[in-house]
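# Quick one: sequence and predicted model below, then my questions.
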Amino acid sequence: MDIAMGQNDLTNINNVVYQKLIDNITTLWGEAKSKAITAVNTELLDANWQTGKYIVEYELKGKDRAEYGKQLLVNLAKDLTARNGKGFSRSNLVYMRKFYLAFPICETVSHKLTWSHYFELLKCDNTLEMQFYYTESIKECWKVRELKRQMKSCLFQRLALSTDKAGVLALANEGHQVQTPQDIIRDPFVLEFAGLPKQKRYKESDLEKALKDHMEQFLLEMGRGFAFVGRQYSMQIGSRQFKVDLVFYHCILKCYVLIDLKRAEIKHGDIGQMNLYLNYFKTEVCQPDDNPPIGIVLGARKDELLMEYALEGITNQLFVARYQLYLPKREELQAQLDKLLDEAEQQQ
């Protein structure tokens, strides 16, 4: 009996030690793989940048640079592929060249991003837009698919249209700064990921459920700092019960954010209802170290003049904004932004 107990104890000790051995080796190889991936990415970026530099410097020696450069890339793609295998298509060489031209100083290339990030960034039409997505990708640790989505949703243009020329330049150089309640508002919010067809009739509860089911994408659209608290948050006020569609806590602004969804046009009564919710939260929910809550009434349409009168005199942080269930047309937003910048230039 004692011998059996002794063997069991030894087995248990051996199992603990053995599991520790497995854990140590697993951790070792996990860290090694991570370091290897980082090293490979660094070398790949440096090689792509250097290739672009070689191409540009060689082109400068040509006489008819436009035609010369075009034929050069065709010849390079063929000859480099024959000698080195895949990875040297004309398209790749074009982007390596653009990579060097966009980042002529090697030290400005951040190794926190991958070549796939830069490949998407180089599709931007202007420097301000590319600089914004470059900065935000680093700050927010966007994956490539997240970067592509933000670019498709024209995040830069949507944010830039809500500011002036100085704000556009700051947006490009510093990324999106969240310092005031106004900084979390987009107009419109783009909710294409909800999967509700543009023409299909849907209920507000359908939209609410779709946002809850796609919370990761919704948080990406909302921007940094949001933490989901709950859906259909219940409030008992007197003998009546009220529910707000979505509640978040903003970790940067240190306050609750309440969102009420409206399938159609926002009505003036919706403003009063949200104001009621905000007053309740200030008194019953917020802690002493919380800032006043923010309310957003989110609808498919809004009448600007009606909303101006409805919001007059309200001291709470209450905003109205539109949403759309499809990606915006980039050309239209860019045209509006170009007009804004041109008007700012003329006023100087």
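It's in.
# residue ranges of the strands in the stretch 51-200 of the chain, please?
Here the stretch 51-200 of the chain has its strands, by DSSP state E, counting those that start in this stretch, at 189-190.
# Any regions of the stretch 201-348 of the chain where pLDDT drops low?
Scanning the stretch 201-348 of the chain for pLDDT under 70 picks out 348.
# Leu220 contacts Lys148, correct?
No - look at Leu220 against Lys148 with Cβ atoms under 8 Å: they stay out of range, at 11.3 Å. To be clear about C-beta, it is placed using only N, CA and C from the backbone, and glycine gets the same treatment.
# Span of stretch 274-289 from start to end?
The stretch stretch 274-289 measures 22 Å between its terminal residues, going by Cα to Cα, to the nearest Å.
# what does it contact?
By Cβ atoms under 8 Å, 6 or more residues apart in numbering, the surrounding residues in contact with stretch 274-289 are 235, 237, 242, 244, 254-256, 258, 260, 292-297, 314, 316-318.
# quick one on the thing from earlier: neighbour-wise, which of Leu220 and Lys148 wins?
Counted by other Cβ atoms under 10 Å, Leu220 and Lys148 do not tie: Leu220 has more neighbours, with 20 against 16.
# check contacts around the more buried one.
By Cβ under 8 Å, 6+ apart, the residues touching Leu220 are 146, 149-150.
# go again using 6 Å as the cut-off
Residues near Leu220 by Cβ atoms under 6 Å, 6 or more residues apart in numbering: Glu146.
# Please apply the same query to Gly295.
Neighbour list for Gly295: 258, 274, 278, 318 [criterion: Cβ under 6 Å, 6+ apart].
# would CSV of the residues you listed with neighbour count and distance to Thr163 be doable?
CSV is the format used below for the contacts of Gly295 (neighbours: other Cβ atoms under 10 Å; distance: Cβ to Cβ, whole Å):
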residue, neighbour count, distance to Thr163
Leu258, 24, 25
Met274, 23, 25
Leu278, 22, 26
Leu318, 21, 21
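# Of those residues, which belong to helices?
274, 278 (DSSP state H).
# of the contacts of Gly295, closest to Asp342?
The closest of the contacts of Gly295 to Asp342 turns out to be Leu318 (Cβ to Cβ; 33.3 Å).
# And the residue nearest to the closest one when sequence neighbours are not counted, its phi and psi?
Excluding the flanking residues, the one nearest Leu318 by Cβ to Cβ, 6 or more residues apart in numbering is Gly295, at 4.5 Å. Main-chain dihedrals, Gly295, degrees, to the nearest 10: phi -120, psi 130.
# ok so, going back, dump the contacts of Gly295 to CSV, plus distance to Gly87.
Formatted as CSV, the contacts of Gly295 follow (distance: Cβ to Cβ, whole Å):
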residue, distance to Gly87
Leu258, 51
Met274, 55
Leu278, 56
Leu318, 54
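# Just the buried residues out of the contacts of stretch 274-289, in PyMOL syntax.
Here is the PyMOL command that picks out the buried ones among those, judged by 16 or more other Cβ atoms under 10 Å:
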select buried, resi 244+255+256+258+260+292+293+294+295+296+297+316+317+318
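# Strands - which of the contacts of stretch 274-289 land there?
235, 237, 242, 244, 255-256, 258, 260, 294-297, 317-318 (DSSP state E).
# Would you reformat those as a markdown table and include distance to Pro104?
Output for these, formatted as a markdown table (distance: Cβ to Cβ, whole Å):
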| residue | distance to Pro104 |
| --- | --- |
| Met235 | 57 |
| Ile237 | 62 |
| Phe242 | 58 |
| Val244 | 51 |
| Cys255 | 43 |
| Tyr256 | 46 |
| Leu258 | 47 |
| Asp260 | 49 |
| Ile294 | 43 |
| Gly295 | 47 |
| Ile296 | 42 |
| Val297 | 47 |
| Gln317 | 44 |
| Leu318 | 47 |
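# for those, which one is nearest Glu107?
Lowest distance from Glu107 to those (Cβ to Cβ) belongs to Cys255, with 39.3 Å.
# Tell me who's in contact with that closest one.
Shown in contact with Cys255 (Cβ under 6 Å, 6+ apart): 290-291, 293-294.
# what about it, distance to Gln50?
Between Cys255 and Gln50 the computed distance is 48 Å (Cβ to Cβ, to the nearest Å).
# same thing with Leu76?
14 Å.
# These two - which one has more neighbours?
Leu76 (19 against 14).
# how near is the residue lying closest to that one once chain neighbours are set aside to Leu207?
Nearest residue to Leu76, sequence neighbours excluded (Cβ to Cβ, 6+ apart): Leu93, at 5.8 Å. Counting by Cβ to Cβ, the gap between Leu93 and Leu207 amounts to 45 Å.
# do Leu341 as well
The gap separating Leu341 from Leu207 is 34 Å, by Cβ to Cβ.
# The two: which is more packed in?
Leu207 (21 against 16).
# List the contacts of the more buried one.
Applying Cβ under 6 Å, 6+ apart, the residues near Leu207 are Leu261.
# Put the alpha carbons of the helix or strand where it lies into CSV.
Using DSSP states H and E, the element containing Leu207 is helix 204-213. Extracted C-alpha coordinates of helix 204-213, given in CSV (Å, rounded to 0.1, in the frame of the first residue of the first chain):
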residue,chain,number,x,y,z
GLU,A,204,-34.3,48.5,-35.8
SER,A,205,-34.0,45.3,-33.8
ASP,A,206,-32.5,43.6,-37.0
LEU,A,207,-29.9,46.4,-37.3
GLU,A,208,-29.1,46.2,-33.5
LYS,A,209,-28.7,42.4,-33.7
ALA,A,210,-26.5,42.7,-36.8
LEU,A,211,-24.2,45.2,-35.0
LYS,A,212,-24.1,42.9,-31.9
ASP,A,213,-23.2,39.9,-34.1
